[in-house]
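Undergrad: just a sequence and a predicted model for now, questions to come.
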Amino acid sequence: MIWRRKDVVGLADLSVEEITTILDTANSFKEVNQRERKKVPTLRGKTVVNLFYEPSTRTRTSFEIAAKRLSADTVNFSASSSSIGKGETLLDTVRNIEAMHPAIIVVRHPNAGTPHLLARRVKIGVINAGDGAHEHPSQALLDMLMIRDVKGRIDGLTVAIVGDIVHSRVARSNIIGLTRMGAKVRVAGPATLLPAEIERYGVESYYNMDEAIEGADVIMMLRIQLERQRDALFPSKREYARFFGLNNERLARAKPDAIIMHPGPMNRGVEIASEVADSTRSKILDQVSNGVAIRMALLYLLAGPYGDDGEVA
Amino acid sequence: MKTIIRGGRVIDPVRDIDGVRDVIIDDDGRLAGVEPAADSPRDVEVIDATGFLVLPGLIDLHVHLREPGFEQKETIATGARAAVAGGFTAVCCMANTNPVNDHVSVTRLILDRAREANLARVYPLGAVTRGLAGEVLAEMGELRDAGCVGFSDDGRCVMVSSVMRNALVYARTFDVPIAVHAIDETLAGRAVMHEGEHSMRLGLSGVPSAAEDFMVARDCVLARHAGARLHVQHVSTKGAVEIIRVAKGYGVRVTAEGTPHHFTLIDEDVGDYDTYFKMAPPLRSAEDREAVIEGLADGTLDAIATDHAPHESLVKDCEFENAANGIIGLETALPLSWDLVRAGRLSVRRCVELLTSGPARAFDLPYGLTKGAPADITIFDPDARYVFTADRIRSLSRNTPFVGRDMVGEVVRTIVGGRTVFTR
């Protein structure tokens, strides 16, 4: 297909065909990442700005490495979460950056919808690197790439997502993306961390984790944010681990070839036992590798051959 | 010179008038009578209202005029200009100005500016607590004497139940109503829209309906025990409507208002983070909207009020979570209310009640086409069809999601004290 989209702000906007194109493109970049000299000239002379209003070492580093492997110049712009505190509005900040003519802005922001606002207002491409509790499309895409690598398909698989669904942009993007690609998605967690209306997303919801992972092909564990305990959303790490932590005993309920995923960073011993995290079924580090390939694919599609100067890789 | 408004369908629910009549205004601006059409005497000004509705002047219990303190959003003069353009001859303005209207000097400033503007009547509401801080009661007696017709910490909820109880009990001294922005702030947190499927989709934290239901229930209980007058502002949930209905059945002295945006729009209209649809309380579900309409129709809700909340574009043109709450409403309220009549949800008479006698009774304001009273009259063309465009807006701010909407029904003339203050 011909890529026509200027921005990638969420899985909600992407068609099956577009998702497939991104995954296929990422596959072709995996080879670059295996080379001794991990660099192609595709985006030479183009600039990628990482505009991070929220601290994130791993996502920012992954985008930066992806850009550099495509020979783009990268600039990291870390801003305080409140641009208004500095007297400049978010839109003014971004218009200033746009005036320096980068090819792409990768934005992470604590407020949901910020990448959508920017995408509407600037001419250059915007990639959402996580917006509040809304979406984290590059994470969901790398998760889908991981599943496809191991299982050969997404359609027809059963994926259990366990943990803090209500506050998780990773969960939201994965639910949208995986259901769109034909997977059967189950979500599980304590009732305080599951949205009341979640089944309208076409997923099954469970308060009982054992039931949720019964016969699953993929188990995706989410990081429990410990500040939620202070908000009285669950009583203790201990109790959480007992009811919603993934250990070997529980894992036996899933399919024998089920894989374990986690977007990181992990709380070992809370949502995931160390023996599970370090087992051969765990794909957690492979996910990180796939993250670079997915981000290369996104940068390539948005700034690459269909970019303004028509350069082809 | 006398004025006769001739040939219109005159509706005054209080005096049980609904038919073609002449409305006669004396040369001192007072109403001389509502009479069957007759030949005009000489030396009268005739206003031809054929095909139009001739209504008692509309009253809005809930507007923000932003002066003093936020004159970049609206001033009393520009707010009054928007009011009369929307057919409102009287508006009640909220106390969340800067400084807060918790002192007579602020009340006097508001009344002075309204007098200078000389358009709509402006009735200030004083703060319930000093600085809207929810702690110490404002000097309600003195504020009442200075011209405040009621009290509200609107924008904030008096969270401490003992303070709210004392406010209600104390207000009995002067028999003034306490109007409440009912939201449990501990349940709402920093949430920015209605909690439901759409907030889930957008990843925005939602205000649960329970946050409103609970506070309405609390305040009805407190008002019942205090024997006090309570007015619930901008009711947005089905639960709140049900609770007010029950409270009225128990004899609680409670009145309530619904807004045009809550009976017209729902949470899904927020779309992809459109800040023009951000308000407090938030746009609720279709079921909640339905309950508000039923409440307006069956008398559970007493008034349609706009919660006119002007904001400059800067504070709307930003991230949804950082955007200011509220929309302007004075100039769209009547056509949006008329939509309910056209849809068969409200009778014409009930609609007029909700915009005139209903609000007036809640705050003890003068109303109706009463002989000898100042002639406050709104003339409305119920059949006019037009697109509501930004350049029609008289308010200083333009934050409304209704720009571009097809409207039916248009105010053609507004008369305050016998003087025409607006013509289309």
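TA: Noted; the coordinates are in hand.

Undergrad: go ahead and confirm A:Phe77 touches A:Phe52.
TA: Yes - using C-beta atoms under 8 Å, A:Phe77 makes contact with A:Phe52 at a distance of 7.0 Å. Glycine gets a C-beta too; all of them are placed from N, C-alpha and C.

Undergrad: neighbour count winner among these two?
TA: A:Phe52 (22 against 16; other C-beta atoms under 10 Å in any protein chain shown).

Undergrad: so what's that one scoring on pLDDT?
TA: pLDDT for A:Phe52: 94.

Undergrad: give me the beta-bridge partners of it?
TA: Under DSSP bridges, the beta-bridge partners of A:Phe52 are A:Ser78, A:Arg108.

Undergrad: residues in contact with it?
TA: Applying C-beta atoms under 8 Å, 6 or more residues apart in numbering or on different chains to A:Phe52 gives the contacts A:60, A:76-79, A:107-108, A:129.

Undergrad: going along the chain, name the strands of the stretch 1-150 of chain A.
TA: A:47-52, A:73-78, A:104-109, A:125-131 (DSSP state E, counting those that start in this stretch).

Undergrad: compare those and say which comes out lowest on pLDDT.
TA: Looking at these, the weakest mean confidence is strand A:73-78, a mean of 91.

Undergrad: for it, buried residues please.
TA: A:74-75, A:77 (16 or more other C-beta atoms under 10 Å in any protein chain shown).

Undergrad: so, low pLDDT: which residues of the chain?
TA: Here I'm looking at chain A. A:80-86, A:305-313 (pLDDT under 70).

Undergrad: oops, chain B please
TA: Those would be B:40, if you go by pLDDT under 70 across chain B.

Undergrad: ok, the residue nearest to the spatial centre of it - contacts?
TA: What sits nearest the mean C-alpha location of chain B, by C-alpha atoms, centre = their mean, is B:Ala305, with 2.3 Å. B:Ala305 is in contact with B:60-62, B:233-234, B:257-259, B:359, counting by C-beta under 8 Å, 6+ apart.

Undergrad: hmm, 10 Å instead?
TA: With contact set as C-beta atoms under 10 Å, 6 or more residues apart in numbering or on different chains, B:Ala305 has these partners: B:59-63, B:91-92, B:179, B:231, B:233-235, B:256-260, B:329, B:333, B:354-355, B:358-359, B:362.

Undergrad: mind telling me what element the nearest residue to B:Ala37 once chain neighbours are set aside is part of?
TA: Leaving aside its sequence neighbours, B:Ala37 sits nearest to B:Asp22 (C-beta to C-beta, 6 or more residues apart in numbering or on different chains; 5.2 Å). In this structure, B:Asp22 sits in strand B:17-25 according to DSSP states H and E.

Undergrad: got the buried residues for stretch B:60-73?
TA: Counting neighbours by 16+ other C-beta under 10 Å, stretch B:60-73 gives B:60-68, B:70, B:73 as buried.

Undergrad: possible to save those residues as TSV with secondary structure and distance to B:Arg121?
TA: TSV is the format used below for the buried residues of stretch B:60-73 (DSSP: H, G, I helix; E, B strand; the rest coil; distance: C-beta to C-beta, whole Å):
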residue	secondary structure	distance to B:Arg121
B:Asp60	strand	11
B:Leu61	strand	13
B:His62	strand	15
B:Val63	strand	12
B:His64	coil	17
B:Leu65	coil	12
B:Arg66	coil	18
B:Glu67	coil	16
B:Pro68	coil	19
B:Phe70	coil	22
B:Lys73	coil	21
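
Undergrad: and which of those residues is nearest to A:Glu36?
TA: B:Lys73 (62.2 Å; C-beta to C-beta).

Undergrad: that closest one is in contact with B:Asn399, isn't it?
TA: Yes - B:Lys73 is within contact range of B:Asn399, at 8.9 Å (criterion: C-beta atoms under 10 Å).

Undergrad: what do the two both touch?
TA: B:309-312, B:315, B:324, B:326, B:328.

Undergrad: of the residues you listed, list those near chain A.
TA: B:Val315 (C-beta under 10 Å from any C-beta of the partner chain).

Undergrad: the shared contacts of B:Lys73 and B:Asn399: which two are farthest apart?
TA: For those, the farthest-apart pair by C-beta to C-beta is B:Val315 and B:Ile328; their separation is 13.2 Å.

Undergrad: measure the residue of chain A found nearest chain B to B:Glu319 for me?
TA: Distances between chain A and chain B by C-beta to the nearest C-beta are smallest at A:His134, namely 2.7 Å. Note on A:His134: its distance to B:Glu319, by C-beta to C-beta, to the nearest Å, is 11 Å.

Undergrad: so for B:Arg405, which of the strands of the stretch 1-150 of chain A sits nearest?
TA: Proximity to B:Arg405, assessed across these by C-beta to C-beta, is greatest for strand A:125-131 (29.4 Å).

Undergrad: who are the packing partners of that closest one?
TA: strand A:47-52, helix A:57-69, strand A:104-109, helix A:114-121, helix A:137-151, helix A:169-180, helix A:284-303 (3 or more C-beta pairs under 10 Å, 6 or more residues apart in numbering or on different chains; DSSP states H and E).
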